[in-house]
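Visitor: Below are the sequence and a predicted model for it; my questions follow.
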Amino acid sequence: MIGAGRLVGASGAQDNAAAATKAAATTRPNNLATRGAVFDASMETRMSEEVLPPDATDARESTSGSRAAPGSLYVVATPLGNARDLDILRTVDVIAAEDTRMTLPLLRRYGIGTKAVSLHAHNETRRAASLIAALADKKSVAIVSDAGTPAISDPGARLVRAAHDAGHTVVPIPGPSAVAAAVSAAGLDAERFVFVGFLPPKAKTRRELLASVAPLPFALVIYEAPHRVRDTITELANVLGGRTLFVARELTKVFETLTRMPLDDAPAWFDADSNRTRGELVLIVDAPALAEESSLALAQEAERWLTELVRELPPARAARVVANITGVARDDLYARAIALKRQQQAD
Ligand code: SAM
């Protein structure tokens with residue numbers, strides 16, 4: 001499924017070139033030349049810096065200086081479209097890549113000669129054993145996926161868990177992820193979102209999952225492959241109609257398309273131009289409009305309970321009781337309970 005998405009995405013970009021004029025109304029081409037120039041300049045500066053004392057062994061210190069520490073597993077986000085800081089990949093002993101054919105050109109581009117081995121959905125368990133042995137042997141290892149952050153709808157989580165279990169240091173190198181990029185550009189009404197990721201391929205399981213998330217007062221972030229997106233849109237409109245859809249397509253690439261629309265209009269929007277179903281897509285269904293009102297009512301109810309209970313109970317206990325009654329997050333209530341207690345003491 002992942003590979004298919006990539007292939008269709010690539011051919012989609014070519015088809016898009018032919019249809020560029022047609023799609024211009026909804027497509028915002030990136031200024032890739034500018035992005036590239038900025039990146040290259042900063043890379044040059046960073047690469048020329050001597051970054052680390054040679055005896056540094058703490059993995060996090062080492063990360064800030066972009067030099068790998070022995071026995072550490074690095075979880076490295078790779079660019080969604082444009083390259084960025086990948087210096088750690090220079091100094092680890094081995095890179096475990098989802099698809100070495102995708103990663104090698106990136107490494108070559110930055111003159112990184114580190115050995116790469118594959119780590120994908122079908123060999124992760126077996127490969128994890130040899131990589132854990134390498135960590136035990138004081139080698140450093142990095143995981144990358146084809147694009148974005150490993151272990152987010154991509155391989156990596158099993159190796160990371162195995163590294164934790166074996167007592168090795170695990171260091172995230174944060175970077176691009178389609179979920180964060182799409183949410184950041186969506187202008188959501190919702191304050192919170194649920195990362196749904198890819199919907200299950202089986203119709204029944206997909207329907208059950210959608211039914212379980214539909215009542216939540218949160219935005220829903222869905223990854224989708226081009227060959228399934230049109231059917232998914234119909235299903236989303238059926239189950240979540242009335243809400244707003246945000247489409248983030250081909251993020252950071254030449255045919256980046258970002259648009260918000262009523263979910264009920266989305267089937268016609270996709271049908272109007274076949275290029276809109278091509279490439280890589282994140283779909284975000286914003287929270288139901290009612291959520292704001294109901295969460296306001298809930299917040300008012302929680303405030304009433306909390307105000308009374310902090311007179312009698314310590315803030316932590318009051319917050320726990322009110323969280324149980326109302327379902328409002330305990331951390332939020334705890335912060336408010338402390339403020340109320342202070343206020344009451346001052347009165
Ligand atoms: N690990 C990646 C991440 O951190 O976002 C996700 C990998 S997952 C196999 C691929 C899916 O991520 C695509 O089908 C699409 O939903 C989303 N995606 C990845 N790159 C994207 C891009 N440039 N624009 C929009 N969506 C993208």
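Guide: Perfect, thanks for sending it.
Visitor: Measure how buried residue 344 is and give me the count.
Guide: 11 (other Cβ atoms under 10 Å). No exception for glycine: its C-beta is placed from N, CA and C like everyone else's.
Visitor: So it lies in a helix, does it not?
Guide: Yes: counting by DSSP: H, G, I helix; E, B strand; the rest coil, residue 344 is found in a helix.
Visitor: List the contacts of stretch 89-98.
Guide: 2, 66-68, 74, 76, 103-104, 107, 110, 112, 114-120, 127, 131, 134, 139-146, 150, 154-155, 159 (Cβ atoms under 8 Å, 6 or more residues apart in numbering).
Visitor: which of those residues are buried?
Guide: Neighbour-count burial (16 or more other Cβ atoms under 10 Å) is assigned, among these, to 2, 66-68, 74, 76, 103, 107, 112, 114, 116, 118-120, 127, 131, 134, 139-146, 150, 154-155, 159.
Visitor: what separates the closest residue to the ligand within the chain from residue 252, distance-wise?
Guide: Nearest residue of the chain to the ligand, counting by Cβ to the nearest ligand atom: residue 148, 2.6 Å away. Separation of residue 148 from residue 252 (Cβ to Cβ, to the nearest Å): 10 Å.
Visitor: what does residue 238 give?
Guide: 31 Å.
Visitor: Among the two, which residue is more densely surrounded?
Guide: Ranked by neighbour count (other Cβ under 10 Å), residue 238 and residue 252 place residue 252 first, with 17 against 13.
Visitor: Tell me how far the more buried one lies from residue 175.
Guide: As judged by Cβ to Cβ, residue 252 and residue 175 stand 12 Å apart.
Visitor: Repeat that for residue 119.
Guide: 18 Å.
Visitor: Tell me how many other residues surround residue 264.
Guide: Neighbours of residue 264 (other Cβ under 10 Å): 15.
Visitor: next one: residue 286
Guide: 22.
Visitor: Please apply the same query to residue 96.
Guide: The burial count for residue 96: 31, using other Cβ under 10 Å.
Visitor: Quick check: nearest residue in space to it, chain neighbours excluded?
Guide: Closest residue to residue 96 apart from its sequence neighbours, by Cβ to Cβ, 6 or more residues apart in numbering: residue 119 at 3.7 Å.
Visitor: Could you do residue 193 as well?
Guide: Residue 193 sits nearest to residue 219 (Cβ to Cβ, 6+ apart), 4.0 Å away.
Visitor: so the one you found touches residue 192, yeah?
Guide: Yes: Residue 219 lies in contact with residue 192 (Cβ atoms under 8 Å); the separation is 7.3 Å.
Visitor: which one of these two has more residues nearby?
Guide: Each of residue 219 and residue 192 has its neighbours counted (other Cβ under 10 Å); residue 219 has more, 25 against 13.
Visitor: mind checking pLDDT for the more buried one?
Guide: Per-residue pLDDT puts residue 219 at 96.
Visitor: how about the residues of the stretch 151-300 of the chain that lie near the ligand?
Guide: Applying Cβ under 6 Å from any ligand atom, we find that the stretch 151-300 of the chain lies next to the ligand at 152-154, 177-179, 223-225, 248-253, 280-282.
Visitor: Sort out for me which of the residues you listed are in helices.
Guide: 178-179 (DSSP state H).
Visitor: Now, of the residues of the stretch 151-300 of the chain next to the ligand, which are buried?
Guide: Neighbour-count burial (16+ other Cβ under 10 Å) applied to those gives 152-154, 177-179, 223-225, 248-253, 280-282.
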